[in-house]
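Engineer: just a sequence and a predicted model for now, questions to come.
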Amino acid sequence: MSTESSVYFFFVDGIGLGPGGAHNPFDRDGLEGFSALSGSDRLISDQFEELHESGAVSRAIDANLGLEGLPQSGTGQATLFTGVNCAELAGRHYGPFPHSTSRPVLKERNLFGMVGPERSAFANAYPERFFRWAEQRDRWPTTTRCCLDSGVRIRTLDDLRSGDAIAADLTGRGLGAVAESPVQPISELETAKRIAGLTRSHRLVVSEYFHTDKAGHAQDHQKADSCLLSIDRYLQALIETLDFDSTTLVLTSDHGNLEDLSTKTHTRNRVPLIVRGPGSTHFRGVKDLTGVYHGILASLGLSASA
Ligand SMILES: [Zn+2]
């Protein structure tokens, strides 16, 4: 068994820290996984407290990156995966796909490339239709663009069936509804076990959850609740299954959205950065999306030139 350190980066699209109230689905009881990991009772701005313990860090970080307007996924995610302020580079917030000015930066220094393609895994499984759509238009979301740029395999439904990948919606129920072939739903605990397995054979494991952003745009309270409860079960399962002696869990987002269902747009709220494990100390000074990348590399004993 390897004693090498690893990082699991759980990227959740479109969750910010906003004021409590009826419009904020985080303002509820029963999100025990979020509470246990963050150290705050609720992930709402008036209750969130920064945490700086050895082995656990929680911060509220800026996603606006010095620009006006609403932050977007293309530039936000490219920033998370390169440590470069890609919104500044583009001169604006841009999305959902990477801006043309982000593409060379992604190619040169994305997380997968820095850690190495053999030692990196992107755990999400994609259906056939995703590949057809993206190939025809040459439009790949940031995570899959990073895979293509650095030679990391993009996993398929076959990988999902053999237990080597996870569904973006964590259980496969959402993926099963759009997939060309049957997807057998599994529990969030089973999904967490798959991730724990990947962290034993890879130094960097990434997965992406995007249904939060979709529920935010749809202003759908029911969908928002089911997303958060599912993620919460998953977080509780990760607490049980990850080996926090060697693995650092990093959860963050690219911009706010879900925390304000009174609007269908993204928000300028800060986003949560929740870290657990031996690399936590490297995230203590992270103030905005640019710092997450450097924290992940430092946790693995690597660094990138500024
Ligand atoms: Zn969005």
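Structural biologist: Yep, it's here.
Engineer: what's the neighbour count on residue 200?
Structural biologist: If you count neighbours by other C-beta atoms under 10 Å, residue 200 ends up with 14. C-beta here means a position set from N, CA and C on the backbone, and glycine is covered the same way.
Engineer: repeat that for the one 4 residues further on.
Structural biologist: Residue 204 is flanked by 25 other residues according to other C-beta under 10 Å.
Engineer: what helices or strands is the helix or strand hosting residue 89 leaning on?
Structural biologist: Applying DSSP states H and E as the criterion places residue 89 in helix 86-90. Contact here means 3 or more C-beta pairs under 8 Å, 6 or more residues apart in numbering; DSSP states H and E; on that basis helix 86-90 packs against helix 73-82.
Engineer: tell me what the helix it packs on is packed against?
Structural biologist: helix 86-90, helix 103-109, helix 142-150, helix 290-299.
Engineer: then that helix to CSV, C-alphas only?
Structural biologist: Provided in CSV are the C-alpha atoms of helix 73-82 (Å, rounded to 0.1, in the frame of the first residue of the first chain):
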residue,chain,number,x,y,z
SER,A,73,-17.9,28.9,-15.0
GLY,A,74,-15.5,29.1,-17.9
THR,A,75,-13.1,31.6,-16.4
GLY,A,76,-13.8,30.5,-12.8
GLN,A,77,-13.0,26.9,-13.5
ALA,A,78,-10.0,27.7,-15.6
THR,A,79,-8.7,29.8,-12.7
LEU,A,80,-9.3,26.9,-10.2
PHE,A,81,-7.4,24.4,-12.5
THR,A,82,-4.5,26.7,-13.4
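Engineer: residues near the spatially closest residue to residue 143 that is not a sequence neighbour, how many?
Structural biologist: Excluding the flanking residues, the one nearest residue 143 by C-beta to C-beta, 6 or more residues apart in numbering is residue 208, at 5.1 Å. The tally of other residues near residue 208 (other C-beta under 10 Å) stands at 19.
Engineer: any idea how far residue 124 is from residue 208?
Structural biologist: According to C-beta to C-beta, to the nearest Å, residue 208 and residue 124 sit 6 Å apart.
Engineer: common neighbours of the two, please.
Structural biologist: 143, 168 (C-beta atoms under 8 Å, 6 or more residues apart in numbering).
Engineer: and the helices in the protein?
Structural biologist: Counting by DSSP state H, the chain has helices at residues 32-38, 73-82, 86-90, 103-109, 111-115, 128-137, 142-150, 157-161, 173-178, 188-201, 211-218, 221-241, 290-299.
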